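Chemist: A predicted structure for the sequence below; I have some questions about it.
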Amino acid sequence: MAIRMKTSSGQDTAPTHGDTVVQRIASAVPGWVWWLAGIVIAAGFPLLNVIGVVETAWLRVGVVSLIFVLLSLGLNIVMGETGLLNLGYIAFFAFGAYTTALLSSPKFEIRWPFLAVIVVSTLVAMVAGFLISLPTLRLRGDYLAIVTLAFGEIVRLTIINLVPLTNGPNGITGIYSPRLFAGAKPALEGIEAWFIIDKPLEYYYLVLVCVVVLAVLLTNLKNSRIGRAWNALREDELAAISSGITAVRAKMLSVVLSAGIAGFAGSLFAYYSNVISPESFLFMQSVIVVCMVVLGGMGSIPGVMLGAVVLQALPQLIREAAGAARSDFEVYRMLIYGILIVVMVIFRPEGLLPDKIFKREAHEVDPRELEMTRQSLFDLEEGEKDLGV
Amino acid sequence: MEPVLELQDVSMSFGGLKAVDSLSFAVRENEIVSIIGPNGSGKTTTFNLISGLYEPHSGDILLKGESVAGLRPDLVHDKGISRTFQSLRLFSNMNVLENVLVGMHSVTKAGPFASMLRLPSVRREEKAMYDKAQEILGMFPGRFSGPRQLQPAYSLSYANRRRLEIARALASDPVLLLLDEPVAGMNPAESHEVMEQIKMLREKGYTILMIEHDMHVVEGVSDRVIAMDHGVKIAEGTYDEVANDPQVVEAYLGKRAADATA
Amino acid sequence: MSFDHIMSVTIGGLTVGMIYALIALGYTMVYGVLKFINFAHGEVFTVGGYVAAFSLLAMGIDASTPWLKVAGAIALALVAAVTVPMALGLLIERIAYRPLRGRSRIIPLLSAIGVSIVLQQLIIIVFGPKPVTIPTLALSSASVNLFGVDVRVLALVIIAVSAALMVGLTYLVKSTRIGKAMRATSQDMEAAEMMGIDTNRTIAFTFLVGSALAGIGGLLVVMYYGSLKYDAGFLYGLKAFTSAVLGGIGNIPGAVVGAIVLGMTETYGVSVDLGFLAWFVLAGLALGIYVQMVRVPNRRLAHIAADRRTPEYERSIMNVYRLAPYHGIKTLLAERTDALLSVSAADAVRLMAGNIFLAVLATIMFINSSVRIDTRWQPVIAFVVLMVILMFRPSGILGEAVTEKV
């Protein structure tokens, strides 16, 4: 039966004083119109390049932006839905990228098929997520954040130092382009029997399709039993557990899934860039993705997508306009990101396109939270059990 | 007929303080048993022991003959024990319907991949969950109808929030329902209404263990009453028996009052 | 493994450890009072170092300057290294942390991260991306012969100065009014307020002291190494935080102990062979077993009710130890086993996992006893320590000093 149960209104039905006029107009327009508009704009954008209005450099910005959209969608699961702060998220991105680089480059002289490489890269990242979550999910929020930071740095330093495997600081070059649909084209003289993806335009559409599919899948997940369990854990872990939610399993699922998405994005990134080096996986990159999620709106799928695009594309626009030097620009870019995080968190923690659930949660002072600041690392009181959550 | 819940000599201490001392009692099927006692007598600790938040240092807790002492709270919930909280722990930013749906988490099984793809099995399960939620919310007639179901829980009145917490606990068809001060903070009209609703739950076949201070409600719904003081059970019986027990009077009002009634 | 080598490695480890301690104290005090990790603390340290360095550069001293003028320049640099970070710390607390008190967990942490990023970029903008270097002073290269080993004077200065500061801080916290206010606020902020303590000022003061110590740490680092990079704060900050957790967060002596342990571990880790280090791992294993055989059962024994132990139960335990020669030993072993058996399966697995991990590690290290860890891997050591301590003993060596709720 094709009844779409409305378990959520999609917008705040209770009027809150934070709503601006723009928001009220925006909520009057049905959701699917915005999605359609977004897809049309995103799909039409490269055509501007084809007809010569926009330079190819902007197409490249678009591809990277879309890859970061994947990343922020992934981080949103663990940070937005489940409420766990991951400061080493880029490590999973690195796992995916390096796995792809090792399976499809001159480094070891192998060239696995595109699909196999992507799947394996995603799985490797998921395994990494599983392993890191095993011992650390019991920790309190701030400690989990620091542990993830440490994990991210360990991964990066290992990549730099394990030269025989990763080429160290020089990185891996010459990653082969993906070949799709082997045998689809007739094997004529001089023409290869497959489609090769090696132009920015082709990558753009490839990643765009992935983004759209992922957004749909994640929206479904958000409105399902699992998504509700994650939100419940974020709101009140004790009540969630007492209502039958196995915290460790749900959190682990969230970490592993988000790691997989990062690995997937990393794989696409490696293919697109042809060259990867540890420089792309600094702690700063993790912070940038965090900033994207915070700016866009934690827990809000359209929000984090917007946050990613804004924080990737806008700086490029500004740089073009200002004509600033590369290194100066980087410094000011990070400065703005930092200020943005602080300002957003103080004045508008629900982000640009708020998830209706998160909006109030972020603003209020939770008396239980004040209470919890008196508790120990594992939120245990004398005699209370370690719930392993 | 074995009791639904049985506590056998359950004890637990916090450091040097014995919070619960050799507590034993049973709750039979379709009974409503109330636990009363002054503050600090160990009532909520008992609830926490039953629901898995604490682990008893000795003794056993049996649910339909099966030991559940020391199990994790989510496993205890799986076995069939649901509870509400004295301090009201709703998911305030989720709406009414979602709160109830979360309560059904352990009796549903849609996995992540099936949910992402919205397979027909998931859609069927969601529809069933939705219908069941309507049924449960319907137990509080007129309180949770129509658009109110999509309103965030923080926007509800206090009394409705307490009702919603009960609804969430009912969502998983619990074998045993633990109500921790269900009418705390309510005016007489509201507590009377909740009292009728608890009676209605008994008619529907639920087994309820309740902590309550409002003696009017305790008297109105309980089949049996257990009185605790300083972690020890000091009286057990019908409301009249317990209310007049000198030890109970002494615990609440002091020795002179007990001597006066004796 | 000569004595000289050990001596110089030990002094080196102690020196670096004391620097970590100065920074760690800031983390631990703020956590004790606010239950909050001040992520930006590392950058405050860097600012202190940069300000000190520029002040020294501005005075135009070098190896040939008379020592009186050098002393004056250092004094000035000290003033700068203390005042600027203090002001910075106050500003950060007021602007970025105070508005967020009590909000849901990740919100203040996000703010701290943002502040840290902003500070780091500002350092680059104001001071330039290149590391700041100070000219070599006579003091920098001076060394003293201690027990037949050449030790840098600066190393001894760092150890002495840090120790003095720690003594001063302990006095401050234990014996002054403001110290008492700090302790009260960290135990129960509401109650402290009701007793008339201005918690806002107390918290500000905590930030003040922590930042001052970090600033001094920056000055010492600049003098010891001769230069400072803009991103030093990240690594130093993380290592200092690891030290604080290692010793027990919120615990002031703990931060010092943790810092020294970390400094030693880091320095020894890359300066001696694995075979030597393996002995330390074994020591850790022994300590772990001691804790499990003595301290865990002691806790458990207190909880086991006497009436649970029926005669049959006691007899079955005793049967296992029939072979033990003396009744006293039998009883002791029986009690311990009894207590251990009552540990939950998950706890038992965890305890055993730690033991097995250490045993395997020690074995591997003994097999490769002549291998030495390359200095490239040194940063990893601190991160690994952090993860290990948070996974196996998050309350730290001396136990965390955050309050239990009654």
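Modeler: Cool, the structure landed.
Chemist: Neighbours of whichever residue of the stretch 1-150 of chain B sits closest to chain A, how many?
Modeler: Proximity of the stretch 1-150 of chain B to chain A (Cβ to the nearest Cβ) peaks at residue B:106, 3.1 Å away. Where you see a C-beta, it was placed from the backbone N, CA and C, and this is true even at glycine. As a burial measure, residue B:106 scores 21 neighbours (other Cβ atoms under 10 Å in any protein chain shown).
Chemist: While we're on it, how confident is the model there?
Modeler: pLDDT recorded at residue B:106 is 92.
Chemist: For it, which non-adjacent residue is spatially closest?
Modeler: Take residue B:106 and drop its neighbours on the chain: the residue closest to it by Cβ to Cβ, 6 or more residues apart in numbering or on different chains is residue A:244, 3.1 Å away.
Chemist: That neighbour belongs to a strand?
Modeler: No. Residue state for residue A:244 (DSSP: H, G, I helix; E, B strand; the rest coil) corresponds to coil; a strand is not indicated.
Chemist: How many neighbouring residues does it have?
Modeler: Using other Cβ under 10 Å, residue A:244 has 26 neighbouring residues.
Chemist: got a pLDDT number for it?
Modeler: 93.
Chemist: Might you report the residue contacts of the residue lying closest to residue C:105 once chain neighbours are set aside?
Modeler: For residue C:105, ignoring the flanking residues on the chain, the nearest one in space by Cβ to Cβ, 6+ apart is residue A:141 at 4.0 Å. Taking Cβ atoms under 8 Å, 6 or more residues apart in numbering or on different chains, we find residue A:141 in contact with A:83, A:84, A:85, C:105, C:106, C:109.
Chemist: List the residues that contact the nearest residue to the fifth one once chain neighbours are set aside.
Modeler: Right, residue C:106. Spatial nearest neighbour of residue C:106, excluding adjacent residues (Cβ to Cβ, 6+ apart): residue A:85 at 4.6 Å. Contacts for residue A:85 (Cβ under 8 Å, 6+ apart) come out as A:79, A:141, A:142, A:144, A:145, A:148, A:290, C:106, C:109, C:110.
Chemist: Could you report the pLDDT at the third one?
Modeler: Same thing as residue A:142. On pLDDT, residue A:142 comes in at 81.
Chemist: in the helix or strand containing it, what's buried?
Modeler: Using DSSP states H and E, residue A:142 sits in helix A:141-161. Residues A:142-161 are the ones in helix A:141-161 that count as buried (16 or more other Cβ atoms under 10 Å in any protein chain shown).
Chemist: does stretch A:128-136 come close to chain C?
Modeler: Yes. Residues of stretch A:128-136 contacting chain C under Cβ under 8 Å from any Cβ of the partner chain: A:135, A:136.
Chemist: Distance check, the residue of chain A found nearest chain B against residue A:257.
Modeler: Nearest to chain B, among the residues of chain A, is residue A:244, at 3.1 Å (Cβ to the nearest Cβ). Distance of residue A:244 to residue A:257, computed by Cβ to Cβ, to the nearest Å: 21 Å.
Chemist: Kindly report the same for residue A:212.
Modeler: 18 Å.
Chemist: Give me the more crowded residue out of those two.
Modeler: residue A:257 (23 against 16).
Chemist: Check which residues of stretch A:327-339 are buried.
Modeler: Residues A:329, A:330, A:331, A:332, A:333, A:334, A:335, A:336, A:337, A:338 are the ones in stretch A:327-339 that count as buried (16+ other Cβ under 10 Å).
Chemist: now swap in stretch B:116-126 and tell me
Modeler: Quick answer for stretch B:116-126 (16+ other Cβ under 10 Å): B:116, B:118, B:122, B:123, B:125, B:126.
Chemist: helices or strands next to the biggest helix by length in chain C in the packing?
Modeler: Secondary structure assigned by DSSP state H gives helix C:3-34 as the longest helix of chain C. Other helices and strands packing on helix C:3-34, by 3 or more Cβ pairs under 8 Å, 6 or more residues apart in numbering or on different chains; DSSP states H and E, are helix C:41-59, strand C:149-152, helix C:153-175, helix C:177-187, helix C:199-225, helix C:232-247, helix C:252-271.
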